[in-house]
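Asks: Provide a 3D model corresponding to the input given below.
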Amino acid sequence: MSQDKVETKAPTRAFFATTSMVAPIALPSPVTGGSPHSRRLHVLLPRRHRPYLALIALAACAGFFLFHSFSSDDPLSAYLRDLPEPEGGPNPPRFAAWHEREQQLPQHNPDLPYPQGRNGRYIRFSNQIFGLGWGNAMQEMLFNAHLAYLSKRTYVFDNYTWEKTANDFSDFNGKPIPARVPLTALVVGPIAGDPFPAHTGMPPAVNVEFFNEVCPNRTVIDKAEVNDALSDASASTILQAWLDKLERVDDRCIEIKEYSGQIFDFWLFGDSRRLLDIWPSISSSPILTHWAWSPLLVAALALNAHAIHPALASPPPPHSPSSNLPALTGLLALHIRRGDFIDHCTGLANWSSRYMGFNELPGLPDRFAEASPPSAGNAPPEEHARYRAHCFPEIEQIVARVRAVRAELHPRVPLSRVYVLTNGRPEWLAELKDALQADAQRTGMPRWANIGTSRDVRLTGEQRHNAQAMDMAAAQRAEVFLGNGFSSLTSNVVMLRAAQGVPWDQSRFW
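Replies: Numbering: from 1, shown residues only. Presented below is the predicted three-dimensional model:
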């Protein structure tokens, strides 16, 4: 038996020193319990940061007046008032108020009757991946939650974690970042504590702190007990083996052993030959059909409608399943990786890698042929060039592909706007925008009404550290998506679009 200790922190009270406008609200009272150290407020600035206080105050005032420029009856104003205020300050956000909101979810009451409370049946995946991008973490969380759902055990959701540390911050390329982000700052829906559809009879997911409270003792299962006998097994085979294992456990509390490796690992998600037999099961799961993006990200989309699509300016009701939302008419979303992704593309070519698993769903029209024979670690120059066109396209290749997709779908799907999900440099993106507009004019297609990019949006600190998920939310609703077949982010967007029934020929690849 084992017990986990999870540090909690009280919310900071910093007003919003941000470039976007989000209204302050009164934070809920902290939950009881926790050590004095874990409840300490982090409100003191180091001496070297104190000259910035005046700038912070000015930004806060600007945000206040910008926010109140909305009518009090404006639906966006009401939406923003229901969100925690941004923390502000020189450090990355700690997401303390978001964690506190999770603590206040109504299912976190040990006195609730079965199947909730202290008599409920729970499963926690302490082996959840960390230290990788949101795309990798999201796909594993979704599969773990689906396994919990099928096993009729309450899913225990956890933070998106970059580093397991007692510190608030970690490091990425020499810059401080949040060490962890509460899941509800990224997604909501049944995976993060929202109600399941009534017909399922499933209780809502709970967080780790509540699991530790009602499950001081639990059965701990090493992932190897099941997966070691399943070398190269398909996703459905792995799923069924774990359902059989869990059915044999009488204990109401189960924990998958920390650091024991993932049940559904990176290699599985990258291999369609193993992955896709689970599609009928996962595509009909309420974990996926009722997937919803966090109100934090929906607010970010609304505040940046000018850069993405004007329909986003009126946000849907909070926690609306994204599958229920209409397409953003005329929007073409492009996923373009830059920076060190070129090194990844080189490795893909050297090992004759395929597209990520869900990017090879049978209905998708764009295919990537395997090398014959496989490169086996040292691809020739022409193979590197072939991979690069699909994995790290240059501006000329991007423009040609956009032209071809736009022409193919026209006039059935007239495309008029572009939003680019990217980590590209602003000057490179300016060249891309000019090239796209020039090509439209040269080929007689209508001029793009707007071309926006990830570099054009204005975000609070909390939104900025979740910007990749915000971009995914925009791409999911785009009328047409043109992505990178070798990317887990693209694969997750394609999965969400396929599950909601977007026509296959409106999800494409370079």
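Asks: from here on, just use CA atoms for contacts and neighbour counts.
Replies: Fine.
Asks: which residues of the protein score low on pLDDT?
Replies: Flagging of the chain using pLDDT under 70 yields the residue ranges 1-75, 78.
Asks: neighbouring strands of the longest strand along it in the sheet, and parallel or not?
Replies: If you go by DSSP state E, the chain has its longest strand at strand 328-336. In the sheet, strand 328-336 lines up against strand 417-422 (parallel), strand 478-483 (parallel) (DSSP bridges).
Asks: tell me the gap between that strand and the middle of its chain.
Replies: Centroid separation between strand 328-336 and its chain, computed with C-alpha atoms, centre = their mean, to the nearest Å, is 18 Å.
Asks: of the strands paired with strand 328-336, which is nearest Gly347?
Replies: Between Gly347 and the strands paired with strand 328-336, the shortest gap by C-alpha to C-alpha is with strand 478-483, which sits at 19.1 Å.
Asks: got the contact list for that closest one?
Replies: In this structure, residues lying in contact with strand 478-483 by C-alpha atoms under 8 Å, 6 or more residues apart in numbering are 327-336, 413, 475, 490, 506-510.
Asks: the longest strand of the chain: what's the following helix or strand?
Replies: Next helix or strand after strand 328-336 toward the C-terminus (DSSP states H and E): helix 341-350.
Asks: what sits against Ile256?
Replies: Taking C-alpha under 8 Å, 6+ apart, we find Ile256 in contact with Ile123, Arg124, Phe125, Ser126, Asn127, Val220, Ile221, Asp222, Lys223.
Asks: so which of these is the most crowded?
Replies: Ile123 (30 neighbours; other C-alpha atoms under 10 Å).
Asks: with adjacent residues omitted, what lies nearest to it?
Replies: In space, and not counting its chain neighbours, Ile123 is closest to Ile254: 4.7 Å by C-alpha to C-alpha, 6 or more residues apart in numbering.
Asks: for the one you found, name its beta-bridge partners.
Replies: Applying DSSP bridges, one finds that Ile254 bridges with Ile123, Thr219.
Asks: what is the burial count for it?
Replies: Ile254 has 23 neighbouring residues, counting by other C-alpha under 10 Å.
Asks: doesn't Ile221 make contact with it?
Replies: Yes: under the criterion of C-alpha atoms under 8 Å, Ile254 makes contact with Ile221 at 7.4 Å.
Asks: picking up where we left off before, so which of the strands paired with strand 328-336 gets nearest Arg447?
Replies: Closest approach to Arg447 among the strands paired with strand 328-336 (C-alpha to C-alpha): strand 417-422, 9.0 Å.
Asks: following the closest one, which helix or strand comes up?
Replies: Sequence order places helix 426-442 as the next helix or strand after strand 417-422, per DSSP H and E.
Asks: got the buried residues for that next one?
Replies: With burial defined by 16 or more other C-alpha atoms under 10 Å, the residues of helix 426-442 counted as buried are Leu429, Leu432, Lys433, Ala435, Leu436, Gln437, Asp439, Ala440.
Asks: the third one - nearest residue in space that isn't next to it in sequence?
Replies: Excluding its sequence neighbours, the residue lying closest to Lys433 (C-alpha to C-alpha, 6+ apart) is Ile451, at 6.5 Å.
Asks: one more: the second one?
Replies: Nearest residue to Leu432, sequence neighbours excluded (C-alpha to C-alpha, 6+ apart): Ile395, at 6.0 Å.
Asks: same check, this time on the last one
Replies: Using C-alpha to C-alpha, 6+ apart and skipping the chain neighbours, the partner closest in space to Ala440 is Arg447 (5.8 Å).
Asks: how about that neighbour, what does it touch?
Replies: Counted by C-alpha under 8 Å, 6+ apart, Arg447 has contacts Ser416, Gln437, Ala440, Gln441.
Asks: ok, the third one touching Pro446?
Replies: Think Ala440. Yes: between Ala440 and Pro446 there is a contact under C-alpha under 8 Å: 6.3 Å.
Asks: all helices for the stretch 51-200 of the chain, in order.
Replies: For the stretch 51-200 of the chain, helices defined by DSSP state H, counting those that start in this stretch occupy the ranges 53-67, 75-81, 96-103, 134-150.
Asks: actually the stretch 351-500 of the chain, not the one I typed
Replies: In the stretch 351-500 of the chain, the helices defined using DSSP H, counting those that start in this stretch lie at 381-391, 395-409, 426-442, 461-464, 467-477, 488-499.
Asks: tell me which of these sits nearest to Asp244.
Replies: Evaluated over the helices of the stretch 351-500 of the chain, closeness to Asp244 peaks at helix 488-499, with 26.5 Å, by C-alpha to C-alpha.
Asks: between that closest one and strand 478-483, how many degrees?
Replies: Interaxial angle of helix 488-499 relative to strand 478-483 (axes from the mean of the first three to the mean of the last three C-alpha atoms, to 10 degrees): 140 degrees.
Asks: helices or strands up against helix 488-499?
Replies: Judged by 3 or more C-alpha pairs under 8 Å, 6 or more residues apart in numbering; DSSP states H and E, helix 488-499 is in contact with helix 134-150, helix 286-289, helix 467-477.
Asks: hmm, try it at 10 Å
Replies: helix 134-150, helix 266-269, helix 279-282, helix 286-289, strand 328-336, helix 467-477, strand 478-483, strand 507-509 (3 or more C-alpha pairs under 10 Å, 6 or more residues apart in numbering; DSSP states H and E).
Asks: quick one on the thing from earlier: save the contacts of Ile256 as CSV, and put in distance to Ile287 too.
Replies: Listed next are the contacts of Ile256 as CSV, based on distance: C-alpha to C-alpha, whole Å:
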residue, distance to Ile287
Ile123, 15
Arg124, 16
Phe125, 16
Ser126, 19
Asn127, 20
Val220, 24
Ile221, 23
Asp222, 24
Lys223, 22
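Asks: which of these sits closest to Pro195?
Replies: Set against Pro195, the nearest of the contacts of Ile256 by C-alpha to C-alpha is Ile123 (17.2 Å).
Asks: hmm, Glu255 and that closest one touching each other?
Replies: Yes: counting by C-alpha atoms under 10 Å, Ile123 touches Glu255, with 5.7 Å between them.
Asks: okay, buried residues for stretch 355-366 please.
Replies: Result for stretch 355-366 [16+ other C-alpha under 10 Å]: buried residues Tyr355, Met356, Gly357, Phe358, Asn359, Glu360, Leu361, Leu364, Asp366.
Asks: sorry, that was for stretch 397-409
Replies: Buried residues in stretch 397-409, counted by 16+ other C-alpha under 10 Å: Ile398, Val399, Arg401, Val402, Arg403, Val405, Arg406, Ala407.
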